[in-house]
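Student: Build me a model:
(6 chains)
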Amino acid sequence: MEAVYAGTLGILMACGIYLLLRARTFSVVMGLALISYAVSLFLLGMGRLSTGRPPIIATGAQYADPLPQGLVLTAIVIGFAMTAFAVVLALRSLGITGSDHVDGREAGPARGEPPAAGTPGTPGTDTASGQ
Amino acid sequence: MVMAWLIALPLLAALLLLPVRRHVPFLATPIVVSTPLLGLGLLLSVRSAVFEGRTIAWRQPWLEDIGLSLSLRLDGLAYVFALLVLGIGLLVILYARYYLPRSESTGRFFSLLLLFMAAMLGVVLSSNLLLLAVFWEMTSIVSFLLIGFWSYRSDARKGARMALTVTGGGGLALLAGVLLLGHICGSMELSVVLAQAGTVQRHPLYPVMLSLILLAAFTKSAQFPFSFWLPHAMAAPTPVSAYLHSATMVKAGVFLLARLYPVLDGTNWWFYMVSLTGLATLVLGAGMALLQRDLKGLLAYSTISHLGLITLLFGLDTQLSTVAALFHIINHAVFKASLFMAAGIIDHETGTRDLLQLRGLRRYMPHTALLAIVASLSMAGVPLFNGFLSKEMFFGETLAQGLLGDFNWIIPAAATFAGALTVAYSLRFIYGVFFGGEPDGLPNYPPHEPPRSMKIPVEVLVAICLVVGLFPAYTVGPLLATAALATLGGPLPEYSLSLWHGVNLPLVMSLVSMACGSVLFFLRRNAFHRMQARFAHLNARDAFEAGIDSLARIAGRVTGAFETGSLQGYLAWMLAAMLLIPAVFLSDLDTLAGPVPAIPLDLMTVAGMGLLGLSAIGVVIAHRQRLNALVLLSACGLLVALLFTRFSAPDLALTQVSVEIVTILLLVLALYFLPVDRPDSSSLGRHVRDGCLALGGGTLLAILAYAVMTRPYDAISSFFLANSVEGGGGHNAVNVILVDFRGFDTMGEICVLLVAGLAVQALLKGMRLTAPPAGPKGLPWSTQSHPLLLAILARLMLPLTMLVAVFMLLRGHNLPGGGFVAALITAVALLLQYVASGVLWTEARIALNYRALAGGGILVAGLTGLGSWAFGFPFLTTAFGHFHIPVLGEIELATAMVFDLGVYFTVVGTTLLIVSHLGVRDKRLDGNVNGNAKEGG
Amino acid sequence: MLAVVMPISLAILGIACLLTFIRLVRGPGLPDRIVALDTLNINAIALIMVFGIWLRSALFFEIALLIAVMGFIGTVALTKYLQRGDIIELK
Amino acid sequence: MDLMSPVAEIATCALLLIGSVFTLVGAIGLVRLPDFFMRLHGPTKSTTLGVGGVVLASVVFFSNQGDGLSLHALLVTAFLFLTAPISAHMLAKAAMQQRLPVDPRTRGRLWDAQDRERSEAPAQGAEPASPRDAQGN
Amino acid sequence: MWKRLFPHPWLSLALLAIWLLLANSASPGNLALGAFLGWAFSLRIGARLWLRPVRVSRPDLMLRLFVHVLIDIVVANVEVAILVLGPVSRLRVAFIQVPIDVEHELALSALISIVSLSPGTLCAELSDDRRRLLVHVLDLDDEARLIALIKTRYETPLREIFECLPS
Amino acid sequence: MTHSLQPSILLPILLPMFAGGLLVAAPARWGRAQRVLSTAAALLLLPVAACMVGVAATGAILVDHIGNWPAPFGIVLQLDRLGALMLLLTAVLGAAAVVAAGRGDARLGRHFHALFQFQLMGLNGAFLAGDLFNLFVFFEILLIASYALLLHGGGRARIGAGLHYVVLNLAGSAFFLIAIGVLYGLSGTLNMAHMGVRLAGLAPADVPLATAAGVMLMLVFALKAALFPMVFWLPKAYASAAGSAAALFAIMTKVGIYAILRCAALVFDAPDGMLGVFLHDWVWWLALATMAFGALGALAAPNLKSLTCYLVVASVGLLAASVSMQTAQSWAGALYYLLSTTLCTAALFLLADALEPAAPAAPAREPVAVVRGSRLAGLLFLVAAVAAIGLPPLSGFIGKVMVMRSASLPAAAVLWPCILLSSLALLIAVSRTGTRLLWRLPQDHDPERHRACQRIAPDGWKLGCCAFLLACSLALVVGARPLSQYLADTCAQLFDRGAYLRAVLPSGGG
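Tutor: Numbering: from 1, shown residues only, chains lettered A, B, ... in the order given. Below is the predicted model of the structure:
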């Protein structure tokens, strides 16, 4: 079971990373969500897998490790907060740049092209900051 | 202590000056003038000790672990330099008082000048190498400010920057050099270092160390090829030039050579590097001086040339050459300072320094002319003046040395040639300025003599030139002897200071150079014009600026190659590091599987995990059709919850399910505004890269998970399980961990949530988004809002779900549930009202200040934790008790439940804050939001 | 007897889930996928209930209940998005 | 299981099976039927009922575990019965908005614009809704 | 006074029942808590959200309707199961319009729910004037009979229950 | 530890938390009172932190067992010399930043003060945490607050840079959790001291796993610290932040460095522990690359803010390099330099904000501002620049020399040229930017241009706060002697795990 479980985690993580690397904010957010699933399952797994032993104290039974579960709970909540923030930030970026590209512009300039305004690296342009 | 005061006095005066000038202006001048006077007094008070050859030392240990101590020494060498620094400093200050116009910020000027004096004194008095480096850099910094004093002038700014770059860079080299030297000698103290010449010169790092120190000395003393900064430092006010570029700043380099002479000298490395550099500088500087148009430029190149001479002397392999070098240092300081001052007077009175404009000033300012002529003759090495004496010694030493073997004649020949050039440019200075026709075309016409007091400093210096030139043995002799003694660190070589040594080869060389110089001067007109024409476009400053600019451009290109502004690039770098480096270390793992037997497979679970994997892959495949992807993502979330259920984590499943829904709500809210997805512009290569990273990440995680899960471990959780009921008062160990054992984490977690809520609110302020006019397939949105059925059901559901929420909240301590889940249920139930009935309807009925609720929750939770302080227990210590109430039965109350209540409030408040704000945005401002939105996005 | 029936029941539910998943993936329309998701939710409830019986643990009831409540709200949000785009309207 | 009476066990098994089968039928309907509106029937009715069966099984089972009556699982069913029609209703509306194709054999028709306007006019005359075509095909 | 303290007695009772179900126990403590919550929620939430107070005039009718509906659901499900499993081509799919008369929102919602849950029908749309229902039928035999069935079997009792019409 | 001391170690966390909570819960009309409350809370941290340094200087390790649970089980907060020092640094920065923000920046958007307080809470918590997961939680607090503060005021540049920063750090947090998971899965504990003990007794076959997790953990910290391949987000992000927020951010990268120090010493038994190879080889080269990147970026930086960002980067490189050498001296040097560079860069951020006009529409080649009262600004700039470049006689120099002196030969041969060349590059860059900013004022000619120039009077509050920060950095020089002693003790304490274990796990860990 552990191997399959680990494989599933791996698939989730791989999919998450792939989405994270896409150019659109929505994909990135979904990627983050997938990664957080993978991480939650991973943390749970770090307390070792067990069947039918929820850590609800009854009489003299065996229990799953409750600590990773606590950690996962905290992680889920924090992940939720972060996702919410990221979503809103993505929207805000869309509102300001008019594009849902993660870089706020439609296509990155090719190498050798003059960098867009606001790119540090060109002395003499003062537009990079302070706006 | 004397030395400490010597440094501290100008320092204090500099700091005092600014406030004093503002509040008690009449005190400013006395302070400025008295500082060097006092210093000189101090210096004189110890002269007997120094002249007896003793070294006065003072040491205050400071940062011993880096070898930095405040240790100072006053020996003959330091004495001479201190004398120059203070004496010429005094004269420059007197001069500057009349030079600077009233409108200038003289307070700043004098403060900087005094600061510079302090730094320079520090350099010459330091007995600790690191301390020397400190003062050394301070001179660079202060000189930067002084050169750039007229900061509104472009040439001043550029000149200052150039000087700082070169000398500051040299200072860094010095730092490295002295650190190395200190490392080699085991101490930074000069007294220790100077005694270890043998150790140092045998050390394998000696060449490196020597190069670094010489680099510092050469940059500071404007030696070839670092001499280009000095002429452009002439943009400074003339008193600054007179001070820095005659007696102090540039002399710091040769001082360093003198100071470290006992340890460094004696190797071929030293001989060749120092003497050849000096020689090149000597000749080139003199040549360039002849070609200058600018009066101060001429003097600057002359300074370079003379510094080359001094350096060359240090590099020669005779002992006497060092004495000559020291002698010339003194002489050069005197005549060059007076020349700079004279140039300043001329500039001041005529308004120009252009040698092509200046002529015939003799008639208008005869006194100044006389002073300047005497000083230039001294510079030219004409007999009767001090310059002649040291030059004579120099010529003698060039003959005495034997560095180049068969090519030894080159050095005296070059020296003679340089002497001729010196004579030529001195003549040019004299003739060009004071003779030859009527000076018409001057900005200030007619020129006249400066105020009397402006000339006093010049007069003093010129008098010294004369006196020293005539009676060297009585005036400068003892000083030179003690300085030489201190520099050489051993017995003095035989020499005699006098005007007339009889006819010998050096005298012949002098005569030849004077004759040739005169010839050169008379030929100069042609040469000058030809050279001007050829080299007019060559300007070190512009070249330097262009160099720095292109350096910046290259740097920009290099950093730009990494810093592309592309998140994907950054992420790829980060992931590559995060995955590859651990993978390298993981590769040492022998066996993947540990000894713990695996749980047997069961088909259902495998199928569930398979579905989970498939949905995740589905999300990836469908990620461009956003809603499809979202639905699949939601399925993923559900399956994850099922897995949690399957693997004994009911609390996690509850949380997962509730969080999932709120996330979906959020994403759907966001989805509304996203513009139509455009085709993927990523190249194949990028897809491959991303795919590799993704696979790598997945594999790494899977390997880690599998490897750890199959290994035994001994967790601290048994404690939680054992103490959950008795210690924590709850049966649900997970919940007890959350609110008790590790309640502090939860506290932090709700803070995160709250801050996210605040952040969202702050972000959404004033946000306006134009909604797309149509749905995912380009179909127009429905005009119908709020289906009745939904609204009714939503209202019905509210009390029901609230009941469920209360249930979850109350039972969380003993059974799966808890404040967080309860809060999400509440929030979702309330959000359902928003969805079903609209914002206005809902907010008219549910008037909750979500922000206050969230903040209050934090306070409740925090106060619960604080409560235990009142009983003398650590933060967040919980208490619980069972109470028996008649009829109702046993009731358990725990402070942890209050804590959970705080969590509940925060989560409800924050979730609603986030989602309702995102939903509401600024619709109230917009007015029209429904289907008829404008084109845009 | 229960020991025999339970796996069968689980298997049937599993097949149901798989079928639903097929619809989820195949679509073709967005409403189809949402229906499938909704159904998957409900199937999950059934699965959890059976699982609870299997483990003889009543701890899973809340999860089922929560999926019932939350799943519905998710469906509503998605469908409302399809219709109106904006799921939280001003009035 | 030791504590359970055979009757309860049989009831549990039967309910379980019935429930599972209905759930399966719902899923089959979802996969098999040709158009969206037809597919909607399956989950709305069969699956809901199927879960009801399973829930009943759970109720019977846990009530016979010796801890007294255990009815709480009924709440799940109650919720589902409450929500399933609404979900279906909302989905159907969404499908109409999406203009999903309707099986050609379907008699009757979806409401078209005229119907909609006629019905809107008296109710919400104020809203200046542009005529929109809500019909599929 | 009574009305103000207990604005929604039915709701309070329902909530009490649900609480007891949730807690899965009818201990005195839970009874008290449930009663309190039911009362508090109906006071705080119900009063704010309800459009019109619900007066259930015929509890017996409600019970009867409930049983009817339950039976219909089971029956309908068996029918649907057969239809679904049988050949698809045999289905007589149709959209029909059902005129309706109930006005109370709750009653209307209940009607729509019942229609969707029971015999092979699924309520797709309610007209904006709330007078007609668009119903999707999986296997339509006779349109008129179906409409009549809906009206008599479900609508009339609902109207009686919620709107106090004479039966 | 006596009982009465226990509340005090929590104060740096609780004070901002309650202040933040109150600020959130307070009605919106309390605008002015909010500022007062926030400022008071931030200022109050100064004496608290100073007391803590005083207590920690005795060598005591204060431990607070939250919830009264014994050590490896409950969450533990610990205060040692290092933690106390970082607390003091944070308090200083916080005080300066909150006062600087009081007039202007705080009004650019909503909730500045509440966010600020939570940021302080996160920072302080991170410095006190003795539990790995608790450290994660505090990291998240400070991160989410920093996201919000970074975006405070909105605007295109901020949002764009903020998005990158947020996404990178979110991904980083996932790896943080993974690393924690593996470490827990192997050691079965979360308490850092206890984990150190458990990992030391790990079966040899499992060591590569723990090492990989440790490396991942360190890389996550390196992301926060902005080490080389993970640094590219920083310049734009910090450059776009409001001045006072950026000033506080000066310490954000240092939190990463702090965490590396703490975990390397406590959990992985540096020097020569499990992560020896990683720190020694990998971090070393990455650090040098970071330094080079910072120096090059500084050369190319178009304005002061951007330049300051690269100064931060370069300082991180130096810090990481000296961390990687893993000797008590190099760590002490790193800590000294950390204090110095944090104060200076914070001051420069404030200064840049005060000097650079809000909307630099004109190209930088044209003088954009006539700065009234620029003399003070110029002086401050000079001091900050000299200290930041590492020129004598200010604190940066001492820090750099300490680091350079701590390098032994094979390392020094690479490190010294790197440090010196980067210093030279910074010197060139800073002098360019400084002269362009402060000296290029058209005082002399062309009254037309003079009039056309935008006149900016630098915000006096900001300058004052900047002066305060620089005064602190001067205090580093004046007090260098006792400070270096303190730092030497700090590093000795860091390397003495036994003392930790005795303080945190009196029972020896179950």
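Student: List phi and psi for whichever residue of the stretch 51-200 of chain B sits closest to chain E.
Tutor: Residue nearest to chain E within the stretch 51-200 of chain B (Cβ to the nearest Cβ): B:Asp65, separated by 68.9 Å. To be clear about C-beta, it is placed using only N, CA and C from the backbone, and glycine gets the same treatment. Backbone geometry at B:Asp65, expressed as degrees, to the nearest 10, gives phi -70, psi -20.
Student: try the one 10 residues further on
Tutor: For B:Asp75, the backbone dihedrals (degrees, to the nearest 10) come out as phi -120, psi -170.
Student: Contacts only, for it.
Tutor: B:Val50, B:Arg54, B:Thr55, B:Ile56, B:Thr482, B:Ala486 (Cβ atoms under 8 Å, 6 or more residues apart in numbering or on different chains).
Student: could you flag which of the residues you listed are buried?
Tutor: Among the contacts of B:Asp75, the ones that count as buried by 16 or more other Cβ atoms under 10 Å in any protein chain shown are B:Val50, B:Thr55, B:Ile56, B:Thr482, B:Ala486.
Student: any idea how far the one helix or strand the last one maps to is from the chain center?
Tutor: If I follow you right, that is B:Ala486. Using DSSP states H and E, B:Ala486 maps to helix B:477-488. The chain centroid and the centroid of helix B:477-488 are separated by 41 Å, computed with Cα atoms, centre = their mean, to the nearest Å.
Student: can you pull the contacts of F:Ala488?
Tutor: B:Asp65, F:Ala328, F:Gln329, F:Ala332.
Student: Spatially nearest residue to the last one, not counting backbone neighbours?
Tutor: On the basis of Cβ to Cβ, 6 or more residues apart in numbering or on different chains, the spatially nearest residue to F:Ala332 that is not a chain neighbour turns out to be F:Leu487, at 4.1 Å.
Student: give the contact list for that neighbour.
Tutor: F:Leu85, F:Ala332, F:Leu335, F:Tyr336.
Student: could you say which helix or strand contains the third one?
Tutor: Right, the one you point to is F:Leu335. helix F:328-355.
Student: Spatially, which two of the contacts of F:Leu487 are the most separated?
Tutor: F:Leu85 and F:Ala332 (11.2 Å; Cβ to Cβ).
Student: Can you work out which residues contact both of these two?
Tutor: With Cβ under 8 Å, 6+ apart as the test, F:Leu85 and F:Ala332 both reach F:Leu487, F:Thr490.
Student: So for those two, which sits in the more crowded spot?
Tutor: Legend: neighbour count by other Cβ atoms under 10 Å in any protein chain shown for F:Leu85 and F:Ala332, higher for F:Ala332 (27 against 24).
Student: Just the angle for the helix or strand harbouring B:Lys455 relative to helix B:477-488, thanks.
Tutor: In the assignment (DSSP H and E), B:Lys455 maps to helix B:452-470. Interaxial angle, helix B:452-470 versus helix B:477-488 (axes from the mean of the first three to the mean of the last three Cα atoms, to 10 degrees): 80 degrees.
Student: now what about helix B:452-470, what contacts it?
Tutor: Counting by Cβ under 8 Å, 6+ apart, residues outside helix B:452-470 touching it are B:88, B:91-92, B:94-95, B:97-99, B:330-331, B:334-335, B:337-338, B:341-342, B:345, B:348, B:367-368, B:371, B:374-375, B:378, B:383-389, B:449, B:475-476, B:499.
Student: Please pick the buried ones from the residues you listed.
Tutor: Buried, going by 16+ other Cβ under 10 Å: B:88, B:91-92, B:94-95, B:97-99, B:330-331, B:334-335, B:337-338, B:341-342, B:345, B:348, B:368, B:371, B:374-375, B:378, B:383, B:385-389, B:475-476, out of these.
Student: Identify the residues contacting the residue nearest to B:Gly743 when sequence neighbours are not counted.
Tutor: Closest residue to B:Gly743 apart from its sequence neighbours, by Cβ to Cβ, 6+ apart: B:Leu876 at 4.8 Å. Listed by Cβ under 8 Å, 6+ apart, the contact partners of B:Leu876 are B:Asp740, B:Gly743, B:Phe744, B:Met747, B:Thr864, B:Gly865, B:Ser868, B:Phe899, F:Ile66, F:Gly67.
Student: Hmm, which of the residues you listed is lowest in pLDDT?
Tutor: For the contacts of B:Leu876, the weakest pLDDT value sits at B:Ser868, with 81.
Student: Now for it, how many residues are close by?
Tutor: 19.
Student: Send over the helix or strand harbouring B:Leu580 as CSV, restricted to the C-alpha atoms.
Tutor: With secondary structure defined by DSSP H and E, B:Leu580 is part of helix B:567-586. Provided in CSV are the C-alpha atoms of helix B:567-586 (Å, rounded to 0.1, in the frame of the first residue of the first chain):
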residue,chain,number,x,y,z
LEU,B,567,8.0,33.9,-12.8
GLN,B,568,8.4,30.6,-14.7
GLY,B,569,12.1,31.2,-15.0
TYR,B,570,12.4,31.9,-11.3
LEU,B,571,10.3,29.0,-10.3
ALA,B,572,12.3,26.7,-12.6
TRP,B,573,15.6,27.8,-11.0
MET,B,574,14.1,27.4,-7.5
LEU,B,575,12.7,24.0,-8.2
ALA,B,576,15.8,22.9,-9.9
ALA,B,577,17.8,23.8,-6.7
MET,B,578,15.2,22.4,-4.4
LEU,B,579,15.0,19.1,-6.2
LEU,B,580,18.5,18.5,-7.5
ILE,B,581,20.5,19.3,-4.5
PRO,B,582,18.6,17.1,-2.1
ALA,B,583,18.6,14.4,-4.8
VAL,B,584,22.3,14.4,-4.8
PHE,B,585,22.4,13.7,-1.1
LEU,B,586,19.6,11.2,-1.4
